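[1] let me see the structure of the following:
(one chain, ligands or ions: 2)
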Amino acid sequence: MKRRESGSGQRRISPTNNRQSGVNIMKILITGGAGYIGSHTCLTLLEEGHEICVVDNLVNSKEAPLARVQEITGRHLDFQRVDLTQKERLRRVFAAHSFEGIIHFAGLKAVGESAVMPLPYYRNNICGTLVLLELMQAYGVKNLVFSSSATVYGEPESVPIRETAAVGPTNPYGRTKLMIEYILKDLYQSDPEFNIAILRYFNPVGAHGSGRIGEDPNDIPNNLMPFISQVAVGKQPRLSVFGSDYPTPDGTGVRDYIHVMDLAAGHGCALEKLCQNPGVVTYNLGTGRGYSVLEMIAAFERVSGRPIPYQLVDRREGDIAVCYADPALAEQDLGWRAKRGIEEMCTDVWRWQSANPNGYE
Ligand code: NAD
Ligand code: UD1
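    Ligands and ions are numbered 1, 2, ... in the order given. Model prediction:
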């Protein structure tokens, strides 16, 4: 493939068609591809036949999942350890490849931490994205899938949440996501050759069915599912259930947990959508069904056969009572729907956690 010079026009997707699967094969740059959702998406896209280059600075991940992804799929991916905020390093990656699309996962994501140290969050998430977008424009790569979050909705006025619902994130992390959404919309207004899919994830959980890759949080997990699985494997003594007086059937918070492999498949569908030159599109990726904390505990105990000791404690500051998606638009436009239920989510987490009690260590 010929390299396109800086400043040239848009590289339209001119993909080869994989006749067996019907998928348009592309050369894709995946930022943050060594992370939890990124590694599962790499696996799915390699299996679909795409060519992949990952850039990641490994600030919240390791290289091991990428080795395992290649082992599982029997396919090669290119990995470059690059920080997105370092423009010259990233420019070299653009110069060496002819990307047809980009999936942008790279970012810092811990809500509590973002409140304690907002500046590194704004610098990393916003500046990293700006550098990426500048290089996309310079190299004429104008197809982007961006990882946003249900956190942009803040406290929802009603559920299920549609994409048209009011936004109002309540923490710096969420505000970086919403700011990037605005940047992407402004960019498209100024340059309608861009095609951008903004994906608002609900609560990603689960692991690949092989048990070889999964979520591997640094330190003590903040999120429910990794905490439960660490209790099951004996790494944490008990779970604290944050709040039992919410206006929900059992008093605990309700969320839309979505299997990470369903989420990964959603990225393949979004890339396909970009082939139709849709402009900027925004989709919720959730199941449309909420589960409470106590329901998640019970499901995990069922599949693992392990008791999950827990204590009811005060609400966590900033938490909301209920949050679940209306995923109808993604089904209608992308032909995507979450297929895996809560049992499969818990089974796959347990397989990963019990086979890798110390994660990728
Ligand atoms: P993750 O931390 O596992 O993956 C993010 C990856 O980005 C990591 O590998 C990290 O090393 C890398 N990274 C961060 N800053 C970078 C930089 N400046 N340069 C290069 N690489 C950098 O997180 P994840 O759970 O896989 O989330 C992926 C994306 O989805 C993130 O943008 C996150 O905000 C978003 N998201 C995640 C969730 C969730 O619950 N996991 C929910 C909604 C949205
Ligand atoms: C978190 C993020 C949110 C992000 C979302 C999806 C926070 C405050 N919010 O939301 O920005 O979009 O993940 O990744 O981190 N719970 C417990 N005990 C625990 C952990 C959680 O009871 O130890 C409860 C929570 O109160 C909540 C539910 O479990 O009701 C899910 O929590 P969590 O996994 O942290 O996700 P969210 O709070 O939905």
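
[2] near ligand 2, which residues of this structure are found?
    Residues of the chain that fall close to ligand 2, judged by Cβ under 6 Å from any ligand atom: 111, 149-151, 174, 203, 222-224, 227, 239-242, 253, 255, 293, 316, 318-319. Yep, even glycine has a C-beta here, placed from its N, CA and C like the rest.

[3] of the residues you listed, which belong to helices?
    Mapping these onto helices (DSSP state H) picks out 111, 174, 224, 227, 293.

[4] tell me which residue in the stretch 151-300 of the chain sits closest to ligand 2.
    Evaluated by Cβ to the nearest ligand atom, the stretch 151-300 of the chain has residue 253 as its residue closest to ligand 2, separated by 2.3 Å.

[5] doesn't residue 319 make contact with that residue?
    Yes - taking contact to mean Cβ atoms under 8 Å, the distance of 6.0 Å between residue 253 and residue 319 places them in contact.

[6] quick one, which of these two is more surrounded?
    Neighbours were counted for residue 253 and for residue 319 using other Cβ atoms under 10 Å; residue 253 has more, 25 against 15.

[7] which ones are touching residue 154?
    With Cβ atoms under 8 Å, 6 or more residues apart in numbering as the criterion, the residues that contact residue 154 are 167-170, 174, 320.

[8] which element is the closest residue to it other than its chain neighbours on?
    The spatially closest residue to residue 154, leaving aside those adjacent along the chain, is residue 168, at 3.8 Å (Cβ to Cβ, 6 or more residues apart in numbering). Element membership for residue 168 (DSSP states H and E) is empty, with no helix or strand holding it.

[9] so which of the residues of the chain next to ligand 2 belong to strands?
    Here DSSP state E is the test, and these give 149, 203, 239-242, 255 as lying in strands.

[10] top of these by neighbour count?
    Of all those, residue 255 has the most neighbours under the rule other Cβ under 10 Å, reaching 24 neighbours.

[11] so what's residue 345 closest to, chain neighbours aside?
    Computed as Cβ to Cβ, 6+ apart, the closest residue to residue 345 that is not its neighbour in sequence is residue 206, at 4.3 Å.

[12] beta partners of the single nearest residue of the stretch 151-300 of the chain relative to ligand 1?
    Closest approach between the stretch 151-300 of the chain and ligand 1, counting by Cβ to the nearest ligand atom: residue 201, at 3.9 Å. Counting by DSSP bridges, residue 201 is bridged to residue 149, residue 285.

[13] next, residue 247: phi, psi?
    Residue 247 adopts backbone torsions of phi -80, psi 60, taken as degrees, to the nearest 10.

[14] quick one: the closest residue to it other than its chain neighbours from residue 292, how far?
    Spatial nearest neighbour of residue 247, chain neighbours left out: residue 321 (5.8 Å); criterion: Cβ to Cβ, 6+ apart. Counting by Cβ to Cβ, to the nearest Å, the gap from residue 321 to residue 292 is 10 Å.

[15] done for today, thanks.
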